[in-house]
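Trainee: Got a predicted structure here, sequence first:
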Amino acid sequence: MRFLIVEALWDGLNPTRETEWQQTLMDINRKHDGSVVTVTVGRRDDGGATLAVEGLDGGPAEIALTFDMMRDHFRDYREIITRLARADLGAFGMRDWEVLDMAKKGVHDEAGMRIKRAFKPWVPLDLKFARRIFTLVFLVTNDLPGALVKKHRTHGLPS
């Protein structure tokens, strides 16, 4: 699969978010590109995402990840990365960091399972890949402050 972001969403994007989108696309495409299937991620009016899938046998498909479907995942993930940013500033101890890291993995798993089910009629996904798709969808649908944009990449204890 090859992933793209709807071209119009790039217009007027701040440089920090643009760099993060480019990095996320590069990461997901480097690991999963190679088939004729192209997935273009766009925003829905309700705050969710639409994934236009082309190159499938039987024609194109559109996968709707509505805001209602993703609300809890988006909210929880945003809260966790906000707390991780505070932890970087010394607001929490190491044990708190570990708890936040585990919570982040849990949200990723739950959201990944939701995305895996949404793709199932068209393309089977493993959970690791579905988690990567969640990251891309989250970044495209959420306008994060600059200090949080890269925080989703933080894993494990701070060095």
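Mentor: Looks like it came in fine. Numbering: from 1, shown residues only.
Trainee: When you work out contacts or count neighbours from here on, use the C-alpha atoms and nothing else.
Mentor: Noted.
Trainee: and residue 4, how far is that from residue 139?
Mentor: Going from residue 4 to residue 139 by Cα to Cα, to the nearest Å gives 13 Å.
Trainee: For the residue nearest the centre of the chain, identify the helix or strand it belongs to.
Mentor: Closest to where the C-alpha atoms of the chain average out (Cα atoms, centre = their mean) is residue 135, at 1.6 Å. Residue 135 is part of helix 127-141, with elements assigned from DSSP states H and E.
Trainee: so how far is that helix from its chain's centroid?
Mentor: Offset of helix 127-141 from its chain centre (Cα atoms, centre = their mean, to the nearest Å): 3 Å.
Trainee: Please apply the same query to stretch 46-56.
Mentor: Using Cα atoms, centre = their mean, the offset of stretch 46-56 from its chain centre is 13 Å.
Trainee: buried residues in it?
Mentor: 47-54 (16 or more other Cα atoms under 10 Å).
Trainee: how much does whatever helix or strand residue 24 lives in deviate in direction from helix 127-141?
Mentor: Assigned by DSSP H and E, residue 24 belongs to helix 15-32. Per axes from the mean of the first three to the mean of the last three Cα atoms, to 10 degrees, the angle that helix 15-32 makes with helix 127-141 is 160 degrees.
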